[in-house]
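Enquirer: structure for the following, please:
(one chain, ligands or ions: 2)
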Amino acid sequence: MSYVIGVDLGTSAVKLLLVNKSGEVVQEVSKDYPLIQEKTGYSEQNPEDWVKQTIAGLKQLLEEFSGDASEIDGLSFSGQMHGLVLLDENNQVLRNAILWNDTRTTAQCREIYEKVGKERFIKITKNLALEGFTLPKILWVKEHEPDLYAKISSFVLPKDYVRYRLTKTLHMDYSDAAGTSLLDVAKKEWSKEICDAVGLEISICPQLVQSHKKVGKITKDVAKETGLSEEMDVYAGGADNACGAIGSGILSEGKTFASIGTSGVVLSYEPTGEKDYGGKVHYFNHGEEGAYYAMGVTLAAGHSLNWFKSVFANDRSFDELLEGVGDVPVGSNGILFTPYLVGERTPYADSQIRGSFIGMDSSHTIKDFTRAVLEGITFSLNESITIFRENGKEIDTIYSIGGGSKNKDWLQMQADIFNSKVVRLKTEQGPGMGAAMIAAYGSGWFNSLKECANAFLENAETYTPIKENVVKYKQLFRLYQGIYRKTKTLNEQLNVFRK
Ligand SMILES: Nc1ncnc2c1ncn2[C@@H]1O[C@H](COP(=O)(O)OP(=O)(O)O)[C@@H](O)[C@H]1O
Ligand SMILES: O=C(CO)[C@@H](O)[C@H](O)COP(=O)(O)O
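Expert: Ligands and ions are numbered 1, 2, ... in the order given. As a prediction, the model looks like this:
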């Protein structure tokens with residue numbers, strides 16, 4: 001039998017999947033690592049933790065594998081997007097990585113618009129300058145850590161650094177490069193115009209490659225440490241959302257997924273780089289050559305549920321916490337929750353806004369609050385779906401992936417709030433599966449990613465919207481949307497009291 005490995009370098013953990021030629025996940029390992037949050041708005045990780053845990057995960061995968069390492073044809077990656085890893089001339093890491101959910105760079109986003117011009121910037125990058133993206137983080141380091149900035153030889157994104165440590169070759173694929181704010185997304189080249197305008201040497205941008213490009217083999221040392229074969233090929237891989245798209249079959253026009261991981265993402269396939277959303281949603285290069293996708297992001301989706309569980313029900317598992325939420329009526333007995341725990345991206349690019357529970361009374365129990373959290377996260381994803389529909393997209397089926405698709409009540413809630421069929425796939429590991437599919441396609445198992453998706457992916461269940469719930473949720477969604485406007489100024493005034 002032949003196998004491939006998909007490595008999904010997430011925010012909370014690295015997940016490794018061993019997948020056979022029929023697309024079955026035969027083994028799965030997960031290794032977590034901490035988030036470093038020194039101040040409100042700061043979010044960092046130590047790249048060494050990613051490397052250590054990826055190698056430990058690969059070692060465990062091989063120890064538990066009953067076959068021979070030579071049967072594993074290839075390995076590829078999916079990675080959390082936008083995180084800045086700075087390297088010196090010897091490719092040594094200069095500081096902790098600054099992650100996608102770090103919002104310290106509002107001033108630098110303004111600076112980018114001033115220097116490049118907002119319209120021109122959106123024309124080149126097809127996106128807004130957002131705090132979470134990579135370029136503003138480089139400019140933050142330039143301003144606040146000039147000595148360290150002087151030592152920069154190149155920058156990469158999280159999975160590129162892990163790949164570098166496994167293979168000693170340095171690359172970045174187009175799908176991840178699209179989230180740096182330095183790529184001309186339609187032309188697929190680094191933008192000299194943006195680099196010049198903000199005073200960056202274009203030489204710090206790494207070599208660009210396609211996601212399925214074979215970039216090398218693992219080093220002797222890594223082979224020895226993990227038990228992998230030195231002959232196994234390594235393929236570049238892609239951004240977690242691009243890989244999520246591949247891993248859930250979002251490979252033709254009209255196909256859409258909703259992912260609830262740490263962040264929440266609604267993503268829809270775009271066959272060309274020509275559609276203009278005016279920066280309202282992100283527009284990035286797909287992992288499939290020549291294709292694109294549009295997506296909206298909720299910064300704290302699963303993260304909101306994690307936070308709620310750790311503060312109010314730390315002794316319970318997710319399944320225990322969510323047990324019985326299906327018995328709480330639509331609207332959580334009058335509580336609304338907004339998931340703006342770390343600010344928001346879509347539809348409001350606002351790093352100051354924070355979350356709310358509205359409508360609490362003394363009759364409410366933890367079940368009501370739990371359902372309100374799930375509804376609030378789902379309303380936030382529905383904001384992105386609304387933008388897509390307003391721009392002419394027909395959305396009648398949505399593939400649900402990520403940790404949030406593990407719960408049946410939440411899947412029904414998604415169908416009712418999105419007013420669309422919601423499909424759960426047999427594996428909800430979208431990004432990890434996408435990475436494995438890139439390795440399978442790169443290894444020549446299939447002639448295209450679409451062919452691979454047809455062979456690998458299978459629907460498990462379909463949830464259909466319940467009419468009376470759809471009507472109630474339409475009303476509740478309008479109330480939910482009102483909370484942003486009504487709490488915006490309050491939150492700005494509260495800013496001085498935050499840590
Ligand atoms: N059994 C469950 N039911 C519903 N949601 C869950 C369950 N287990 C985990 N989650 C949610 O899924 C999130 C993790 O999803 P995952 O896709 O693994 O995230 P990431 O790739 O960002 O690490 C958690 O933050 C949690 O909110
Ligand atoms: O910032 C984005 C996309 O623009 C996030 O989707 C990150 O890529 C992190 O993803 P998860 O760890 O939540 O999967």
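Enquirer: which strand or helix spans Ala460?
Expert: Here Ala460 sits within strand 459-463, counting by DSSP states H and E.
Enquirer: got a list of contacts for that strand?
Expert: Defining contact as CB atoms under 8 Å, 6 or more residues apart in numbering, one finds that strand 459-463 is touched by Leu411, Gln412, Gln414, Ala415, Lys421, Val422, Val423, Arg424, Leu425, Lys426. In short, each C-beta sits where N, CA and C put it, glycine included.
Enquirer: export those to JSON lines and tack on distance to ligand 1, neighbour count and secondary structure?
Expert: As requested, the contacts of strand 459-463 are exported to JSON lines (distance: CB to the nearest ligand atom, whole Å; neighbours: other CB atoms under 10 Å; DSSP: H, G, I helix; E, B strand; the rest coil):
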{"residue": "Leu411", "distance to ligand 1": "10", "neighbour count": "20", "secondary structure": "helix"}
{"residue": "Gln412", "distance to ligand 1": "13", "neighbour count": "17", "secondary structure": "helix"}
{"residue": "Gln414", "distance to ligand 1": "11", "neighbour count": "26", "secondary structure": "helix"}
{"residue": "Ala415", "distance to ligand 1": "15", "neighbour count": "22", "secondary structure": "helix"}
{"residue": "Lys421", "distance to ligand 1": "20", "neighbour count": "15", "secondary structure": "strand"}
{"residue": "Val422", "distance to ligand 1": "14", "neighbour count": "24", "secondary structure": "strand"}
{"residue": "Val423", "distance to ligand 1": "17", "neighbour count": "21", "secondary structure": "strand"}
{"residue": "Arg424", "distance to ligand 1": "12", "neighbour count": "19", "secondary structure": "strand"}
{"residue": "Leu425", "distance to ligand 1": "13", "neighbour count": "22", "secondary structure": "strand"}
{"residue": "Lys426", "distance to ligand 1": "16", "neighbour count": "15", "secondary structure": "coil"}
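Enquirer: can you narrow the residues you listed to ones near ligand 2?
Expert: By CB under 6 Å from any ligand atom, no member of those lies near ligand 2.
Enquirer: residues from the chain in reach of ligand 1?
Expert: So far as CB under 6 Å from any ligand atom goes, the chain lies against ligand 1 at 10-13, 260-262, 302-303, 305-306, 318-319, 322, 402-404, 406-407, 410.
Enquirer: buried subset of the residues you listed?
Expert: Buried members of the residues of the chain next to ligand 1, scored by 16 or more other CB atoms under 10 Å, are 10-13, 260-262, 302-303, 305-306, 318, 322, 402-404, 407, 410.
Enquirer: tell me the SS of Leu130?
Expert: The three-state label given to Leu130 by DSSP: H, G, I helix; E, B strand; the rest coil is coil.
Enquirer: er, Val26 I mean
Expert: Classified using three-state DSSP, Val26 is strand.
Enquirer: and what of the one 4 residues further on?
Expert: State at Ser30, reduced to three classes by three-state DSSP: strand.
Enquirer: find the closest residue to ligand 1 in the stretch 301-450 of the chain.
Expert: Closest contact between the stretch 301-450 of the chain and ligand 1, by CB to the nearest ligand atom, is at Gly403 (1.9 Å).
Enquirer: mind listing what the nearest residue to that residue once chain neighbours are set aside touches?
Expert: Distances taken as CB to CB, 6 or more residues apart in numbering put Gly302 closest to Gly403, at 5.2 Å, once the chain neighbours are dropped. By CB under 8 Å, 6+ apart, the residues touching Gly302 are Ile260, Gly261, Thr262, Ser263, Gly264, Ile377, Gly402, Gly403, Gly404.
Enquirer: do you know the pLDDT at the nearest residue to the fifth one once chain neighbours are set aside?
Expert: Take Gly264 and drop its neighbours on the chain: the residue closest to it by CB to CB, 6+ apart is Ala301, 2.8 Å away. Residue-level confidence at Ala301 comes out at 97, pLDDT.
Enquirer: looking at the contacts of strand 459-463, spot the one nearest Asn20.
Expert: Lys426 (13.7 Å; CB to CB).
Enquirer: Arg424 is in contact with Gln412, correct?
Expert: No - using CB atoms under 8 Å as the test, Gln412 is too far from Arg424 to be in contact (10.9 Å).
Enquirer: what about stretch 293-302 and ligand 2, touching?
Expert: Yes - applying CB under 6 Å from any ligand atom, one finds stretch 293-302 touching ligand 2 at Val297.
Enquirer: quick one, strands of the stretch 201-350 of the chain?
Expert: Under the criterion DSSP state E, counting those that start in this stretch, the stretch 201-350 of the chain contains strands at 208-209, 214-217, 233-235, 238-239, 256-260, 264-270, 282-285, 292-298, 336-338.
Enquirer: reformat the ones you listed as TSV; add mean pLDDT.
Expert: Below are the strands of the stretch 201-350 of the chain laid out as TSV (pLDDT from 0 to 100):
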stretch	mean pLDDT
strand 208-209	98
strand 214-217	98
strand 233-235	98
strand 238-239	98
strand 256-260	95
strand 264-270	96
strand 282-285	96
strand 292-298	96
strand 336-338	98
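Enquirer: winner for burial among those strands?
Expert: With neighbours taken as mean count of other CB atoms under 10 Å, the strands of the stretch 201-350 of the chain reach their highest mean count in strand 238-239, at a mean of 32.
Enquirer: so which elements touch that one?
Expert: Applying 3 or more CB pairs under 8 Å, 6 or more residues apart in numbering; DSSP states H and E, one finds that strand 238-239 contacts strand 72-79, helix 174-177, helix 430-442.
Enquirer: so Gly432 sits against Asp8, correct?
Expert: Yes - in this structure, Gly432 is within contact of Asp8 by CB under 8 Å, at 3.7 Å.
Enquirer: give me the common contacts of these two.
Expert: Joint contacts of Gly432 and Asp8 (CB under 8 Å, 6+ apart) are Lys15, Leu16, Leu17, Ser78, Cys243.
Enquirer: wasn't the second one part of a strand?
Expert: Yes - according to three-state DSSP, Leu16 belongs to a strand.
Enquirer: what does stretch 417-424 rub up against?
Expert: 258, 375, 378-379, 381-382, 385, 395-400, 405, 411-412, 414-415, 459-465, 470, 473-474, 477.
Enquirer: and what of stretch 357-370?
Expert: 308, 312-313, 321-322, 324-325, 327-328, 332-338, 372, 483.
Enquirer: now it: buried residues?
Expert: Phe357, Ile358, Gly359, His364, Lys367, Asp368, Phe369, Thr370.
Enquirer: quick one, what contacts the residue nearest to Leu267 when sequence neighbours are not counted?
Expert: The shortest distance from Leu267 to any residue other than its chain neighbours is 4.0 Å, reached at Met295 (CB to CB, 6+ apart). Counting by CB under 8 Å, 6+ apart, Met295 touches Asn241, Val265, Val266, Leu267, Ser268, Val281, His282, Phe284, Ser384.
Enquirer: quick check: the gap between the residue nearest to the third one when sequence neighbours are not counted and Phe477.
Expert: What that stands for is Val266. The shortest distance from Val266 to any non-neighbouring residue, by CB to CB, 6+ apart, is to Ser384 (3.9 Å). Using CB to CB, to the nearest Å, we find Ser384 at a distance of 13 Å from Phe477.
Enquirer: mind checking which of those two has more residues around it?
Expert: Ser384 (27 against 19; other CB atoms under 10 Å).
Enquirer: average pLDDT across the host helix or strand of the more buried one?
Expert: Following DSSP H and E, one finds Ser384 within helix 366-390. Averaged across helix 366-390, pLDDT comes to 97.
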